[in-house]
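Peer 1: Need coordinates for the below:
(chains A and B)
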Amino acid sequence: MSAIVNGAGKVVDFVDQRITASNWLKRNIRKVFPDHWSFLLGEIALFSFIMILLSGVFLTLWFKPSMAHIVYEGAYTPMRGVGMSEAYATTLELSFEVRGGLLMRQVHHWGALIFLAAMSAHMLRVFFTGAFRKPREINWLIGVILLLLGVAAGFTGYSLPDDLLSGTGLRIIEGGMLAIPIIGTYASSFLFGGEYPGDDIIARLYPMHILLIPGLILALVTAHLMILWYQKHTHWGGPGKTNENVAGAPFYPIYVAKAGGFQFIVMGVLVLLAATIQINPVWLWGPYDPSVVSAGTQPDWYVGFLDGALRVMPAWEFYVFDRPITMSVLIPAIILPGLILTPLALYPWLEQLATGDKREHHLLDRPRNVPVRTGIGAAFITFYLLLMIAGGNDFFATVLEIPVNWITRFIQVGIIVLPPLVFVLTKRICLGLQRRDRDKVMHGRETGIVMVSPDGEFSELHAPLTPPEAYQITWHERQLPSDPGPATDANGIPNPKYRSKRVQARLSRFYFGDVVQKPTREELESAHHDGGHGHDAVEADHRDELPSGQQ
Amino acid sequence: MSTHNQNPNGDEHAVVPHGSDAVARQGDPITDPGLHHEEPRLTDVEPKAGRRAERQVAGMFALASILIVAFIVSFVVFGIHPDDPETGVNLGDVQVSNLTLGLTLGLALFLVGTGAVQWARSLMTSPEIVHERHPLRSDDETRAAALADFNTGTEETGFGRRKLIRNSLLGALALLPLPAVIMLRDLGPNTGLSPSERRAHTIWDEGVRVLTDVTFQPIRAADLEIGQLVNAMPATFEDLPDHGPERINERAKSPVMLVRMLPEDIHVAPGRENWNVDGILAYSKICTHVGCPISLYEQTTHHMLCPCHQSTFDLSDNGKVIFGPATRSLPQLPIAVDDEGYLIAQSDFTEPVGPSYWERTR
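Peer 2: Model (predicted):
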């Protein structure tokens, strides 16, 4: 104890005498953090969020969330004499009368786009590597909520400058609300304080944008990180890396230096983007006027899929007791987000249900080793991308020089046909990659040297893998479909749980039935005895091993 | 290590489809060769490389300092405020200011970051370390003790026995959210018409003149040429106060488009025979899909396209939807001419403008 006297030691001493900090520090300061490029995606999200907070605070010092009507007399001459809201006028002030104001506005907007992109990419990483599995389901759920809050933060912010684009966005939201049966007009009336657009909405969105939503994000991010810290990060398997350990660099100093440095890199890139690539020049759009819209306007990317859904949904409306149910708006604007978010949020439990696997997993899956999950993910990405393309159908029509109606029709069909197709295709690719891994383990890698035997038979020489190389592609678990067991026991008494077990076994066969298994030790040994001529044997093995029924 | 080979979560293990870990390990074709230690870095073995890396890191940090000074300099030097406030801001000045501030600050941040990462990667001597994971689940004893403590507490309150207390508490708690909800009532207007009734009417009325938008000039029927489209507003719009929401609310409901086409091109629906003036038709500008203002008119086909979601309406056929997600025709405003030859409305719209909503009967 007496050794700790100087510098940081003094601080630790002070804190320790009051809240026993050393105990915690001793256990945590050298905590192991595994390293992989894909683990940085979540960090990009966190660090851009911090940059958004900093630039956002700067913006609040000038921005007035007011829809009071004024006549502009500021520095931007083309708008002088134009009637507008104070919100729009102060956005112009920030851009043209505050040095660095335009930079911070652009940092804020770029930050939002990258925040959401990084969250989405992080989520895909977690999905495809199975990092959401037990014990990390809570963090997955927090992540889904964070994504939703991120979109809400983005959309409320997009609406604040009260320029033509942001107003058009709000108008579409209002149209969506009206489609809600029974309460639609009331919901709109309560949100806008009367008729659309009224003069309340900006003042109402403002506290949500700067206080409520970021506060919730901050709280959930904290919980997300505390759980991550407590559970220890997942890592990739490999020599010496198992489900029961975690290998990597110590938190202090390596992780502190790398992640701390990465924070500055992310901030730097955001500022450089803001310096060089203009984003949302609101002075060109003009103040919001509900009777004006400019053609070819696009929302920010993260609402593109919703706008796309609104564009491609066929005109479908029916009447119930003489009241309209406008499915052409209700489905894309109200039902679709729930339809996407619910299975997304529940996926860890759905997969648990299907595979019956309730164990702790700390080793990541290589996407190829869970072909069905990877296929589901790829199908979802296809669905999402098609909607995003639909959101820019006018843009693509201009670029491809084809009628916009063709693109709409293509997407209407594609959205139903393509995701299943991509699922099957992705699953096949994964199985192919698994088969290649298996061949490599059994017969070594191809050398490109062709041999002719005295009988005139041609064959390629294979070089065996080193044990670490071979282990690198065989550390994953063998994944076998579960067996429902007999319907009746030895005495012929029916098993009451048989029915549900059979359903579960079917689902598990859907997940694992087609998986190409890594060779067993015996198979490996017999393959090695065979020498380099074992190709036929491999194929035969496969046929033996693959369960016959697909589902 | 060996203790973790058994499954950490004993009792949640009713279903073990994959067999226990021990079985899986036996089936592994390749034995774990153990942690592979990385080769020493060049900076570990070569003092010269170490010194070079040190210079690189320090160089990046030093350059960041210089850039921060440069940021301050450019803040002062590249101003955006014009000498004479009357002349207004010069956009070029703003761009130069934005670029110099952003490049200096951005690069400074970036270099601080890359310096730190480079330092960690090439000079910090921390070895790769391995920690054991421990089962997250508490052991059975702790669980039982926690549950017992909880049950003791519950027992001490008598929560289960004293049903009167329990039920009255639950009742009060169930009611507590109500004030919070009720207080939100005044978010919406609390006098006058219901939301749907407000929505159903605009300031168009019998005899209200049709004025050109922006310039607010009355329009003579003869002034419109065939194929022409004019955006228009009701004359009563001009009387609305500049301040307050009324003006912008009407702006979201009342805009119309006047189009003139050859009378023989128009398919007039029964009952609308006298709604047009010599081939001049007036339609609401608010899309019936989700309310965007419609703006793209194709003269030859009389098709009107909404730029937001591409609903397309046939203005020669009573505003009927011919493509896209909109479900209802564009409302048509019946028009006529007054004594002086100017276009006027015959009445308000005969149906609500804009998107569908619940109270809108067929």
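
Peer 1: List, one by one, the residues from the stretch 401-550 of chain A near chain B.
Peer 2: A:404-405, A:408, A:441, A:467-468, A:470-471, A:474-475, A:477-483, A:504, A:508, A:518-521, A:523-524 (Cβ under 8 Å from any Cβ of the partner chain). From N, CA and C alone the C-beta is placed, and that goes for glycine too.

Peer 1: can you rerun that using 7 Å?
Peer 2: Applying Cβ under 7 Å from any Cβ of the partner chain, one finds that the stretch 401-550 of chain A approaches chain B through A:404-405, A:408, A:441, A:467-468, A:470-471, A:474, A:477-480, A:482, A:508, A:518-521, A:524.

Peer 1: Next, check those against the helices and list the overlap.
Peer 2: A:V404, A:N405, A:T408, A:V441, A:P467, A:P468, A:A470, A:Y471, A:S508, A:R521, A:L524 (DSSP state H).

Peer 1: Isn't the third one up against A:P314?
Peer 2: This points to A:T408. No. A:T408 is beyond contact range of A:P314, at 9.4 Å (criterion: Cβ atoms under 7 Å).

Peer 1: Just want to know which of those two has more residues nearby.
Peer 2: Higher neighbour count among A:T408 and A:P314: A:T408, with 23 against 12, using other Cβ atoms under 10 Å in any protein chain shown.

Peer 1: Just give the closest residue to the more buried one, not the sequence neighbours.
Peer 2: Nearest residue to A:T408 in three dimensions, chain neighbours excluded: A:V312, at 5.4 Å (Cβ to Cβ, 6 or more residues apart in numbering or on different chains).

Peer 1: okay, now that neighbour: neighbour count?
Peer 2: 26.

Peer 1: Would you confirm that B:A53 contacts B:S122?
Peer 2: Yes. If you go by Cβ under 7 Å, B:A53 and B:S122 touch, sitting 4.2 Å apart.

Peer 1: Between those two, which contacts overlap?
Peer 2: B:T43 (Cβ atoms under 7 Å, 6 or more residues apart in numbering or on different chains).

Peer 1: Tell me where the stretch 401-550 of chain A has strands.
Peer 2: Taking DSSP state E, counting those that start in this stretch as the criterion, the stretch 401-550 of chain A carries its strands at A:445-452, A:458-463.

Peer 1: Kindly provide the distance from A:G492 to B:I66.
Peer 2: When distances are taken as Cβ to Cβ, to the nearest Å, A:G492 and B:I66 turn out to be 87 Å apart.

Peer 1: Which of the two has more residues huddled nearby?
Peer 2: Neighbours were counted for A:G492 and for B:I66 using other Cβ under 10 Å; B:I66 has more, 13 against 7.

Peer 1: Is that one in a helix, a strand, or coil?
Peer 2: helix (DSSP: H, G, I helix; E, B strand; the rest coil).

Peer 1: What pLDDT is listed against it?
Peer 2: With respect to pLDDT, B:I66 has a value of 98.

Peer 1: before we move on, back to that, for the residue nearest to A:T408, give me its contacts.
Peer 2: By Cβ under 7 Å, 6+ apart, A:V312 lies in contact with A:A390, A:T408, A:I411, A:Q412.

Peer 1: Return the closest of the ones in helices among the residues of the stretch 401-550 of chain A next to chain B with respect to B:P307.
Peer 2: Among those, A:V404 lies closest to B:P307 (Cβ to Cβ), at 10.4 Å.

Peer 1: Wait, the closest one touches B:Q310, no?
Peer 2: Yes. A:V404 lies in contact with B:Q310 (Cβ under 7 Å); the separation is 5.8 Å.
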